[in-house]
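1. model this:
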Amino acid sequence: MVSTSETRLGDLLDRLPAEPRVVVSGNFATPWHLVGEIDRLLPAYRLWALNAQPGLPDREGVVLETSFVGPGMRRSPRLRYVPSRLSMVPALFRRNMAPDLVVVHTSAPYGGRVSLGTEVNVLPAAIESTRARGGAVIAQMNPQMPFTLGDGIFPVEDFDVLVEVDRPLDTHDPVALDDDSRAIGSMIGRRVPDGATLQAGIGAVPDAALHGLTGRRSLRVWTEMFSDTMLALERAGALEPDVPITTSFVFGSADLYDWLDHNERVVMTRTEVTNDPSRIARNSSMTSINTSLEVDLFAQANASRVRNRIYSGLGGQADFVVGALHGIGGQALLGLRSWHPRAQASAIVPLVSAPVTSFQVTAVVTEQGVADILGHDQERQAANLITHAAHPRARDELWAAATSLGLAPAR
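-> You can find the predicted model right below:
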């Protein structure tokens, strides 16, 4: 049964088990109106969202769950972080973290169907899991959500409750590019040939790398997410026009959202597909561009934790690093600044101080230069990191650490 009002919402919530698990659209697609109503009506529940933005309920009685921490959960004492590569989150929903209720933010109906719009990601898996166990799925329909094509299209009859709202989507302002980001992006860009397939993570360095590719031609896109920088490549003629842009979620400007609406160029694909390393590896010259908080002399990267506290999560970095390295002509690049000015500390360290997010990439790029990793012995890897990627003020200490770790080659 489908309702176009909120009259059934209270009755539906009353039928849920005690402390139900509620999965909601994350990133910049949060269905804020329904989230507020659910929080008003449910005294206790588990709230699951990816990259949650500020404003989510955070009170006694609410347990915040995620496998990728956003600013809306990051410092909460009620956070329960569940480590998982993004490609494996759908499996968690099928196993021991099945949702009781899924709450999504959709487009307005078109031909009897709605679209998940900018956030497909893990939501199809969550919907299937909750249906399999008799749970409920509700939607906040919004005419300002773009109708995107791919795996996020559902008949309106699939929803237990449909609530109509009309409000602008949350937008994301890109981080301003500083000189270091531009330098790193330029060096990464020089390693990307015409015809390569792109994946880029979140942050100033991946954005800068993509900005440097507007002069390339026949580029393809297979990525878990993109923002306005990808639209800039499209408008510059850098992307192959006959190959769809494949992604799982999108956030950015209102201009980007307008471009997505009914756009056959973009295929929004569920996470099990976009982040499957075997599928990633099938792409021509797959190039994975990500960033990190620190890299150690064994070429291990920590992109998840700051001062032993979870900051983000594994995300899709490991999926794309592995996939890219297994593809013909593929490469996995990590770009980061060599020095953290606030902490007054080197980003190239003897050993990472937290669990490893990824390791053994093709190359590590900082504003200092490019440290080639793949195919070199461990001593040469360490030497390349110290000589070409580390900040000069950290190099003496790193050479001493390399010696103590048995990594010092003949200099």
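
2. From now on I want contacts and neighbour counts done on CA atoms only, so please keep to that.
-> OK.

3. To what extent is Asp11 buried, counted in neighbours?
-> Counted with other CA atoms under 10 Å, residues neighbouring Asp11 total 10.

4. no, scratch that, I was asking about Asp166
-> 12.

5. so what's it up against?
-> With contacts defined as CA atoms under 8 Å, 6 or more residues apart in numbering, the neighbours of Asp166 are Met141, Asn142, Pro143, Gln144.

6. Output those residues as a markdown table; include the columns secondary structure.
-> Output for the contacts of Asp166, formatted as a markdown table (DSSP: H, G, I helix; E, B strand; the rest coil):
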| residue | secondary structure |
| --- | --- |
| Met141 | strand |
| Asn142 | coil |
| Pro143 | coil |
| Gln144 | coil |
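
7. Buried subset of the residues you listed as a ChimeraX selection?
-> Typed into ChimeraX, the line below selects the buried ones among those, using 16 or more other CA atoms under 10 Å:
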select :141,142,144
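
8. quick one: the helices in the stretch 301-411 of the chain?
-> Listed in chain order, the helices of the stretch 301-411 of the chain (DSSP state H, counting those that start in this stretch) span residues 317-326, 378-384, 395-404.

9. what is Val102 paired to in the beta sheet?
-> Val23, Val137 (DSSP bridges).

10. what about it, distance to Leu34?
-> For Val102, the distance to Leu34 equals 11 Å [CA to CA, to the nearest Å].

11. Excluding chain neighbours, what is closest to Asp173?
-> Leaving aside its chain neighbours, Asp173 sits nearest to Gly252 (6.6 Å; criterion: CA to CA, 6 or more residues apart in numbering).

12. how far away is the one you found from Ala176?
-> 14 Å.

13. So for the closest residue to Gly152 other than its chain neighbours, what pLDDT did the model give?
-> The spatial neighbour of Gly152 that comes closest, neighbours along the chain excluded (CA to CA, 6+ apart), is Leu116 at 4.9 Å. What the model reports for Leu116 is a pLDDT of 98.

14. Just the CA trace of stretch 398-411, in CSV.
-> Taking Å, rounded to 0.1, in the frame of the first residue of the first chain, the C-alpha atoms of stretch 398-411 are listed here in CSV:
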residue,chain,number,x,y,z
LEU,A,398,63.3,9.3,8.0
TRP,A,399,66.8,8.1,6.9
ALA,A,400,67.5,7.2,10.5
ALA,A,401,64.2,5.4,10.8
ALA,A,402,64.9,3.5,7.5
THR,A,403,68.2,2.3,8.9
SER,A,404,66.5,1.0,12.2
LEU,A,405,63.8,-0.7,10.1
GLY,A,406,66.3,-2.4,7.9
LEU,A,407,65.2,-0.4,4.9
ALA,A,408,68.3,1.8,4.2
PRO,A,409,69.9,1.1,0.8
ALA,A,410,73.4,2.2,-0.1
ARG,A,411,73.1,6.0,-0.5
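
15. Now do that stretch, average pLDDT.
-> Confidence over stretch 398-411 (mean pLDDT, whole number) is 88.

16. coming back round to it: out of the helices of the stretch 301-411 of the chain, which one sits most buried?
-> Comparing the helices of the stretch 301-411 of the chain by mean neighbour count (mean count of other CA atoms under 10 Å), helix 317-326 ranks first with a mean of 26.

17. For it, give me every contacting residue.
-> The list of residues contacting helix 317-326 from outside it, by CA under 8 Å, 6+ apart, reads 85-87, 199, 201, 275-281, 285-288, 290, 330-332, 357-358, 361-362.

18. What of stretch 175-193?
-> With CA under 8 Å, 6+ apart as the contact definition, stretch 175-193 has outside contacts at 203-213, 216, 287, 333, 335-337, 365-367, 369-370.

19. roughly how far is it from the heart of the chain?
-> Centroid separation for stretch 175-193 versus its chain: 20 Å, with CA atoms, centre = their mean, to the nearest Å.

20. likewise stretch 338-353?
-> Its chain's average C-alpha position is 23 Å from that of stretch 338-353, according to CA atoms, centre = their mean.

21. what about the spatially closest residue to Ala238 that is not a sequence neighbour, how many residues close to it?
-> For Ala238, ignoring the flanking residues on the chain, the nearest one in space by CA to CA, 6+ apart is Arg217 at 4.4 Å. Each residue near Arg217 was counted by other CA under 10 Å, and the total is 18.

22. ok, back up a step: show me what contacts the residue nearest to Asp173?
-> By CA under 8 Å, 6+ apart, Gly252 lies in contact with Thr171, His172, Asp173, Pro174, Ser227, Asp228.

23. can you do 10 Å?
-> By CA atoms under 10 Å, 6 or more residues apart in numbering, the contact set of Gly252 is Phe28, Thr118, Leu169, Asp170, Thr171, His172, Asp173, Pro174, Phe226, Ser227, Asp228, Thr229.

24. Please apply the same query to Gly152.
-> Counted by CA under 10 Å, 6+ apart, Gly152 has contacts 106, 114-121, 123-124, 248, 267-270.
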